[in-house]
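J.: Provide a 3D model corresponding to the input given below.
(one chain, ligands or ions: 3)
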Amino acid sequence: MQLRFDTAGLKDIATSSLVIFCPEAPVERVSSLKELDRILDGGIGKVYASGEFEGKPGQTAVVHTLTRMPAERVILAGLGEKKKIDHETYRRSAGVLSRLTAVRKSATVAFYFDADASAEIAQAVVEGFILGQYRFTQFKSSDNNNESTGSLLLCTGAKTGINKLTRGAERGLIIAEGVVLARDLSGTPANVLTPRKFASQATALAKMHGFACTVLDEKQIKAERMNCLLGVANGSTEPPRFLVLKYAGTTEGKPIVLVGKGITFDAGGISLKPGLDMHHMRSDMTGAGCVLAAIVTAARLGLKRNVVGLLPLAENLPSGTALKPGDVLTSRKGKTVEIINTDAEGRLILIDALDYANEFDPQAVIDIATLTGGAMYITGYAAALLMGNNDKLKASIREASDATGERVWPMPIWDDYRDWMKSPVADLKNSGGKPATSCTAAAFLEVGGVGDWPWAHIDIASVDLEESGKPYIPKGYTAFGMRLLVELLSQWKKV
Ligand code: BES
Ligand code: MN
Ligand code: ZN
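T.: Residues are numbered from 1 along each chain as shown. Ligands and ions are numbered 1, 2, ... in the order given. Predicted coordinates for the structure are as follows:
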């Protein structure tokens, strides 16, 4: 997607579609609408009078200009009540309009902003538009539904406003491309995106964007004593990989470490999952995809941060060599773990990765994982779960959540949960049963892998797959968390 900028006035913008964002207010009270109404001989007033458009959130109206102005058509996009409008409102509105047939068929879509439009509004609009048009087409040999907009033109009459728009829109483009990368990784089938393939893609991206990527193979993983990662990988003929990504945007301060769950396919292992919907377990590497994409994005934005990404990658399959319930593994930290359920594999690979974070003397560690199906019974599809050992870090993540619209909700790690994860035969067991699985999983991570540093855990199992389609999240894998991580890194506050 190409971005262009212009200071042309409303009546001079040459484009296939010209978008005006409209609060829920009478035409006379919105200056750009008032001007348009004059140019179009009362055409805007008519649309409002007919009741077909009132500026409600998600509402759109297409008005053909019949050569009264250079723009072929005007698209009104509703924002709702003025006092409730925030950046998420713009992101959603842009997402909805991005899928209108008239917009998809437009070579150029122009957005007209008032003089007071901020960089953040431009960013939200570009994000919402690009993410709204996202489709996963890599495996379609023919695609007859492939229209998408070629370029976006951002306009504001005021010369001073154009710098803000440029800054925000360019940032929005880079961030949206990060989400597209992460969504593509989630959607790629497991026979294509194996741990080795993930590693080679990460290596190529690191080279392209100027950060370091080290790939540990199974021998090196063994030398690092990551026996839980090896145990999970044992059921598959595909060998595991462990990636260490390093982006040094500054030489100052200890690194922020991001850990992402990278199960490229989760069949459950010997504790086999039911067949229905098992194909979706190709995206059990979304955490790893989000971390990789967030580091690519941090590098592209030139963030002045020191970031390390740790990605344990493996397949969880049943076979004659697979992990069995009752087996005991010794983790990198030296904790013994009794395997109760081989489908609780994410926490196993994560405790080895979390312990490896000690090698970097981190200022904070954040892990992100499609960890527990139970997350869906807590917040539905409306939020990811947030847990951890540091209130300041959790507060920063809540702030990033508010800014991005990627909602997270806090859950506790009480001693009860730590107790439930004790095993009669080993230090820990990997499943505490049905009650509070998201919390007991977090307790397991804390006891099994977390060191003496601020740590937060984001469980994205509830939000990884969008089944009905939202304004800027079409049906499919969401890559939820990618924008949240980038925002957290951008606005980083010392913990
Ligand atoms: N990858 C799954 C969690 C998951 C389920 C993510 C559905 C997205 C949608 C994870 O590895 C898993 O199987 N968790 C088990 C843990 C249980 C056996 C303790 C679960 O949540 O059922
Ligand atoms: Mn599982
Ligand atoms: Zn899993």
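J.: need the longest helix for this protein.
T.: What stands out as the longest helix in the chain, according to DSSP state H, is helix 159-187.
J.: what about that one, average pLDDT?
T.: Taken as a whole, helix 159-187 carries a mean pLDDT of 96.
J.: Quick one: check it for contact with ligand 1.
T.: No - using Cβ under 6 Å from any ligand atom as the criterion, no contacts between helix 159-187 and ligand 1 are found, and the smallest distance is 11.0 Å. Yep, even glycine has a C-beta here, placed from its N, CA and C like the rest.
J.: and what of stretch 268-284?
T.: Yes - using Cβ under 6 Å from any ligand atom, we find that stretch 268-284 touches ligand 1 at Asp284.
J.: Tell me the buried residues in that stretch?
T.: Judged by neighbour count using 16 or more other Cβ atoms under 10 Å, the buried positions of stretch 268-284 are Gly268, Gly269, Ile270, Ser271, Lys273, Met281, Arg282, Ser283, Asp284.
J.: Sitting in strands, which of the residues you listed do you find?
T.: Counting by DSSP state E, none of the members of the buried residues of stretch 268-284 fall within strands.
J.: Can you say which of these are also within reach of ligand 3?
T.: Among those, the ones lying near ligand 3 by Cβ under 5 Å from the ion are Asp284.
J.: Contacts for stretch 41-50 next, please.
T.: Where contact means Cβ atoms under 8 Å, 6 or more residues apart in numbering, the residues beyond stretch 41-50 that reach it are 26-27, 33, 36-37, 53-54, 61, 63, 65, 68, 74, 76.
J.: Determine which two of those residues are furthest apart.
T.: Based on Cβ to Cβ, the longest span within these runs between Glu54 and Arg68 and measures 23.3 Å.
J.: re earlier: please, a ChimeraX command that selects the buried ones among the contacts of stretch 41-50?
T.: Those of the contacts of stretch 41-50 that meet the burial criterion (16+ other Cβ under 10 Å) are gathered into one ChimeraX selection, given here:
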select :27,33,36,37,53,54,61,63,65,74,76
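J.: mind listing which of the contacts of stretch 41-50 are in helices?
T.: By the criterion of DSSP H, membership of the contacts of stretch 41-50 in helices covers Leu33, Leu36, Asp37.
J.: The second one contacts Ile20, correct?
T.: Just to be clear, that refers to Leu36. Yes - using Cβ atoms under 8 Å, Leu36 makes contact with Ile20 at a distance of 6.7 Å.
J.: Now for these two: what residues contact both?
T.: Here Leu36 and Ile20 share the contacting residues Val74, scored by Cβ under 8 Å, 6+ apart.
J.: before we move on, the earlier item: can you put the contacts of stretch 41-50 in TSV and add distance to Thr160 and pLDDT?
T.: Output for the contacts of stretch 41-50, formatted as TSV (distance: Cβ to Cβ, whole Å; pLDDT from 0 to 100):
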residue	distance to Thr160	pLDDT
Pro26	28	95
Val27	26	95
Leu33	22	96
Leu36	22	97
Asp37	26	97
Phe53	31	98
Glu54	32	97
Ala61	30	98
Val63	29	97
Thr65	28	97
Arg68	29	97
Val74	25	98
Leu76	26	98
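J.: So which of the contacts of stretch 41-50 is the closest to Ser118?
T.: Minimum distance to Ser118 across these is 19.9 Å, recorded for Leu33 (Cβ to Cβ).
J.: Can you give me every residue that contacts the closest one?
T.: By Cβ under 8 Å, 6+ apart, Leu33 lies in contact with Ile20, Cys22, Val27, Ile44.
J.: Next, find the distance separating it from Gly268.
T.: In this structure, Leu33 and Gly268 are 56 Å apart, going by Cβ to Cβ, to the nearest Å.
J.: ok, the closest residue to ligand 3 within the stretch 1-150 of the chain - contacts?
T.: Each residue of the stretch 1-150 of the chain has a distance to ligand 3, by Cβ to the ion, and the smallest belongs to Phe136, at 20.8 Å. Phe136 is in contact with Arg183, Asp184, Gly187, Gly476, Tyr477, counting by Cβ under 8 Å, 6+ apart.
J.: now with 6 Å?
T.: When contacts are counted by Cβ atoms under 6 Å, 6 or more residues apart in numbering, Phe136 touches Gly187, Gly476.
J.: how near is it to Asn316?
T.: Note on Phe136: its distance to Asn316, by Cβ to Cβ, is 23 Å.
J.: just Lys159 next, same as before
T.: Distance, Lys159 to Asn316, using Cβ to Cβ: 57 Å.
J.: Please say which of these two ends up with more neighbours.
T.: Between Lys159 and Asn316, Asn316 has the larger neighbour count (other Cβ atoms under 10 Å), namely 30 against 9.
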